[in-house]
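J.: give the three-dimensional model of this entry:
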Amino acid sequence: MHKKDNIKSVVMYMEPKGFVPEDDHAQCRGCMMWIKGDDLCVPHGKKVNVTGDMTCGGYAEGKPHGKKEMAMESWTPEESGLEKREVRCENCYYGKEKGTHCELIEQILEKFPDTYEGDPKIKPKACCNANHKKERGKPAEKEDGPSEGLKRITLIKIMQEA
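T.: Residues are numbered from 1 along each chain as shown. Have a look, this model is predicted:
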């Protein structure tokens, strides 16, 4: 029998570690790669304006200490998912019970019980790469279809088995 993967590591769930104020968690202003004062980011390079209220999938909690001369264009905004919004669990469609329970993690654990393990309990100020903005409404193709997040996890599972 193979070891089950922790679902929170698959979606890159991260709780605040205390290096920055909790309201800065998951935002560029709380990322060690942000170049404060220049509104740049080390991996996004010198051509992409990155403000403190933005976020991306390359978030690394810590006080910003990037320098302009370090900027290197390692990834594009499309590759990193750069966008201007707060992606913490408290702002996510899946974050139920005031951002303390993740409906997506619950769905994944139910659909793939032999593959994933974990707990759908989350913290409101935490974040993950499956975040879905509440204002977008139900993240599904049709009313009874799978959510976008569940489709992504299903794809990951298929790729792991290939």
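J.: for the rest of this, base every contact and every neighbour count on C-alpha atoms.
T.: Noted.
J.: now residue 32: phi and psi?
T.: The phi and psi values for residue 32, taken as degrees, to the nearest 10, are phi -70, psi -10.
J.: so what's it up against?
T.: By Cα atoms under 8 Å, 6 or more residues apart in numbering, the contact set of residue 32 is 60, 61, 62, 63, 64, 65, 66.
J.: can you redo those as TSV with neighbour count?
T.: Below are the contacts of residue 32 laid out as TSV (neighbours: other Cα atoms under 10 Å):
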residue	neighbour count
60	18
61	23
62	21
63	18
64	19
65	14
66	19
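J.: out of the residues you listed, who's nearest residue 15?
T.: residue 61 (9.6 Å; Cα to Cα).
J.: follow-up on the earlier one: now distance to residue 41, secondary structure and pLDDT too, for the contacts of residue 32, in TSV please.
T.: Output for those, formatted as TSV (distance: Cα to Cα, whole Å; DSSP: H, G, I helix; E, B strand; the rest coil; pLDDT from 0 to 100):
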residue	distance to residue 41	secondary structure	pLDDT
60	12	coil	93
61	13	strand	95
62	13	coil	95
63	13	coil	94
64	9	coil	95
65	10	coil	90
66	7	coil	87
